[in-house]
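>>> below is the sequence, then the predicted model.
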Amino acid sequence: MKKEPEKFELSTFPAKIDVKNLIAKGKVGDRLKAEIDEKLNLRLDEENVLQEISGNVQLTLLEQEILAQFDINYLAKTVCARCLEEYERKGDVAFDREYLIGRRTPEEDKLIVDKNFQIEIGEPTLEEITLDIPMKPLCSEKCEGIIAKS
C-alpha cells in the first residue's frame, strides 16, 4: 500500500534560521549565508508532492530589517495535465523577503524576526514553489495526451 504524504506543518520542515549573532554582533551590510538541503514528502495540494528542496538563503543586515535572498531548487512529483501520468518536475525559484527587527506589527509584505531571534523561512519557500508549479503541468512538450497512450 502506497503511503500518502503528510500535510505540510512547520514542525515537519526545519523552517527557521537563527539570526541572533547577525543582529547582536553585526553592522549594517553584514551577511550570513544559510544552506538548505532537505528530503521531504510534503503534499502541497491534491496533485503536487514536494520531494526535495536545496539551495541557499543570503541574509543581509539592514538598519531595522534583515533582507533574505532565496535561491532554491526543488523536485516535486506532479501529474501531467494531458496524459494524467505522474512525473517528477525540477524547478528553481529566486525571491526576496524582508524581516522586521523589533517590531510587533509587520508592515505589508514583510515578516518579523521572532522573540527568539529566528526567521521563519518554510512558509515563504513553500508559497513560492507552489506558485512556480504550472496550473497545467506537462510531462513533456511533445506529450500527446491520454488518447495517444490508449
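Thanks, I have it.
>>> any idea how far Q118 is from K142?
46 Å (CB to CB, to the nearest Å). Just so you know, the C-beta spots here come from the backbone N, C-alpha and C atoms, and that holds for glycine as well.
>>> so between those two, which is more surrounded?
Shown here are Q118 and K142; by other CB atoms under 10 Å, Q118 has more neighbours (15 against 7).
>>> with adjacent residues omitted, what lies nearest to that one?
K16 (4.3 Å; CB to CB, 6 or more residues apart in numbering).
>>> secondary structure class for T130?
For T130, the secondary-structure state derived from DSSP: H, G, I helix; E, B strand; the rest coil is helix.
>>> list the buried residues of stretch 94-101.
97-101 (16 or more other CB atoms under 10 Å).
>>> now it: average pLDDT?
Throughout stretch 94-101, pLDDT has a mean value of 94.
>>> list of residues touching it?
Applying CB atoms under 8 Å, 6 or more residues apart in numbering, the contact partners of stretch 94-101 are 19, 23, 62, 64-72, 106-107, 109-113, 119, 121, 124, 128.
>>> buried subset of those residues, written for ChimeraX?
Buried subset of these, written as a ChimeraX selection, criterion 16+ other CB under 10 Å:
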select :19,65,66,68,70,72,111,112,113,119,121,124,128
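>>> among the contacts of stretch 94-101, which are in helices?
23, 124, 128 (DSSP state H).
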